[in-house]
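>>> Following is a predicted model, sequence given first.
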2 protein chains.
Amino acid sequence: MELIRSVAEAQARSDALRAQGQRVAVVPTMGCLHAGHLSLVEVARRHADVVWLTIFVNPTQFGPGEDFERYPRTTEADLDACREAGVDAVFLPPVEEMYPAGAQTSVDVSDLTRPLCGKDRPGHFQGVTTVVTKLFLATKPTVAVFGEKDFQQLAVIRRMVRDLHFDVQVVGGAIARESDGVAMSSRNRLLDPATRREARVLSLALEAAERAVAAGERRHAALLHLVTLELEKAPHGQLDYAELRDPESLEPAPAELVAPTLLALAVRFEAGGGAVRLIDNRLLNPHPSPEAPPCS
Amino acid sequence: MELIRSVAEAQARSDALRAQGQRVAVVPTMGCLHAGHLSLVEVARRHADVVWLTIFVNPTQFGPGEDFERYPRTTEADLDACREAGVDAVFLPPVEEMYPAGAQTSVDVSDLTRPLCGKDRPGHFQGVTTVVTKLFLATKPTVAVFGEKDFQQLAVIRRMVRDLHFDVQVVGGAIARESDGVAMSSRNRLLDPATRREARVLSLALEAAERAVAAGERRHAALLHLVTLELEKAPHGQLDYAELRDPESLEPAPAELVAPTLLALAVRFEAGGGAVRLIDNRLLNPHPSPEAPPCS
């Protein structure tokens, strides 16, 4: 497995692979790899000849008071996991390589970054779109794979790719879950055992909403009420948001669900060194049958 | 000469050329080509195997009340000029190709875009960096050539390319001038003959400053005074700015010039349908000899 630390080297390597007709897939990560990331490597493998993974804890996507310093860093274990997963190369740039002295360029997506996580984390998505642009231009991939847990991030990146004309196919990978249903996240390990158990409320709330929709519930307000009741079962959790939105535009869903709708949750848990914010989401489908929805 | 109208076609064409080991140079323009643009084509030819020129009057770089509607459009003549100059392909996308429905992504360079033209034209450089990013990702050039008349634009694009890791060599082309010294610009033709004659004050002011520096003048204030006196000789001109700045950081030059310094001018002239803003610049070198500057 190759280890690439400079942008110039990444570009030269990717150019050489493309010149040989190889398709390069990249899986951008902030390291601290878990089975969720490795499932994205599997997705990448299905779309390309060569799989690269990038590890870069991007300072610009953490706001003041967020957990940049505390964000877990486990580089040696990450590289072992990559080797085992058959990753072909890891791009592991130092921060001064990604943000050269005097750097002052940023990439912004406007409307899609305003609601949900954008409301709680000003500047977060600008950091994400800026660093993903840099990573794309450094690694020149054919395909890029992002997890669906960060649903809004995936929607924002798809929009950016379309708007700026990146010649990159963006692929989403399904949410990987722990045995108790909690969405895998590098931040889970920051929770103490009791709070970690409480974190189940997110996936339980999603399941409750899904069951309700399957049983015929279509009312926006009723579904959110149900979800909120579930989330309130975690004494150490504080709700950041629970929202029903259009999965592409991220506009608020109508009062009655008529089309596949994103249910997105964010809950802040108390932890030793500060709050840990967990997110989860599910697409609720009011017309799960293969037939077209009946005309109203 | 090829005519390319879609992004997908441009990307496929550029990929095919690169796969054959060809270097592609691109000359981005807003059309209304004059000898200045064609001199950039010559520069491009010296740096690449294949020369593309893009014609796109970019709406997002014109502010409200600016001359987007009036900006001269001469596509047939432009294509003839390109054929004659040996351009290999012209990328001529419709606006909905460059800005797809719902587009909401922008690219920003911060510090470098604040002074000079950035002060007078809020949003202008965001439009430029956004469209140049799109043009680069659409045409995938090895080299891109921009005129030095838009000195600040060139500095901003160099910074953007370095910050975002575009694998593109940015080359500046010297200012082309009319026989009376006026810098070539598509906007010159919007002036009536008398005002067009007055436009000479910009290049005359630059020459006066250059002569003064050659004669030993180093004082920032004295040089600007001299320049302002020259510019005031145009009764229909109104000074937007005359400034001495560091040519890379665009920070204000010190009170005494010690290093090569940018003298940048912008003057607004009265014209039929509204104001016409002309810019010009020169690098003033207080140590023109090949020897190193003496220690002070």
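Sure thing, it's come through. Residues are numbered from 1 along each chain as shown, chains lettered A, B, ... in the order given.

>>> Would the helix or strand bottoming out on mean pLDDT in chain A count as contacting chain B?
Between all helices and strands in chain A, the lowest mean by mean pLDDT, DSSP states H and E belongs to helix A:117-120, at a mean of 92. No. Counting by CB under 8 Å from any CB of the partner chain, chain B has no neighbours in helix A:117-120; the shortest distance is 12.5 Å. Where C-beta positions appear, they are placed from N, C-alpha and C, glycine not excepted.

>>> Can you classify the residue in the stretch 151-296 of chain A positioned nearest to chain B by secondary structure?
For the stretch 151-296 of chain A, the residue closest to chain B is residue A:163, as judged by CB to the nearest CB, at 3.7 Å. Following DSSP: H, G, I helix; E, B strand; the rest coil, we place residue A:163 in the helix state.

>>> What's the separation between it and residue A:85?
In this view, residue A:163 and residue A:85 are 32 Å apart by CB to CB, to the nearest Å.

>>> Also residue A:209?
33 Å.

>>> and those two? which has more neighbours close in?
residue A:209 (24 against 21; other CB atoms under 10 Å in any protein chain shown).

>>> Next up, phi/psi of that one, please.
Main-chain torsions, residue A:209, degrees, to the nearest 10: phi -70, psi -40.

>>> And it, how close does it get to residue A:230?
8 Å.

>>> Which of the three states applies to the residue nearest to residue A:187 when sequence neighbours are not counted?
Distances taken as CB to CB, 6 or more residues apart in numbering or on different chains put residue A:276 closest to residue A:187, at 5.2 Å, once the chain neighbours are dropped. Put simply, residue A:276 is strand when judged by three-state DSSP.

>>> who touches residue A:276 in this structure?
Listed by CB atoms under 8 Å, 6 or more residues apart in numbering or on different chains, the contact set of residue A:276 reads A:67, A:187, A:190-191, A:195, A:268-269.

>>> now swap in residue A:184 and tell me
A:34-36, A:149, A:175-178.

>>> just residue A:288 next, same as before
Going by CB under 8 Å, 6+ apart, residue A:288 touches residue A:214.

>>> The helix or strand hosting residue A:81 packs against which elements?
Using DSSP states H and E, residue A:81 maps to helix A:75-85. When contacts are defined as 3 or more CB pairs under 8 Å, 6 or more residues apart in numbering or on different chains; DSSP states H and E, helix A:75-85 sits against helix A:35-47, strand A:50-55, strand A:89-91.

>>> Provide the contact partners of that helix at residue level.
For helix A:75-85, the surrounding residues in contact (CB under 8 Å, 6+ apart) are A:1, A:3, A:31-33, A:37-38, A:41-42, A:53, A:55, A:90, A:92.

>>> Pull out the buried residues from the residues you listed.
Among the contacts of helix A:75-85, those buried by neighbour count (16 or more other CB atoms under 10 Å in any protein chain shown) are A:31-33, A:37-38, A:41, A:53, A:55, A:90, A:92.

>>> Pull out the buried positions in stretch A:249-266.
Buried residues in stretch A:249-266, counted by 16+ other CB under 10 Å: A:250, A:253, A:257, A:261-266.

>>> who in the stretch 101-250 of chain A is up against chain B?
Near chain B, when you scan the stretch 101-250 of chain A using CB under 8 Å from any CB, you find A:102-112, A:129, A:133-134, A:137-138, A:140, A:159-160, A:162-167, A:249.

>>> right, and residue A:167 touches residue B:140 too?
Yes. Using CB atoms under 8 Å, residue A:167 is in contact with residue B:140, at 7.4 Å.

>>> Name the residue in the two with the higher neighbour count.
Neighbours were counted for residue A:167 and for residue B:140 using other CB under 10 Å; residue B:140 has more, 22 against 19.
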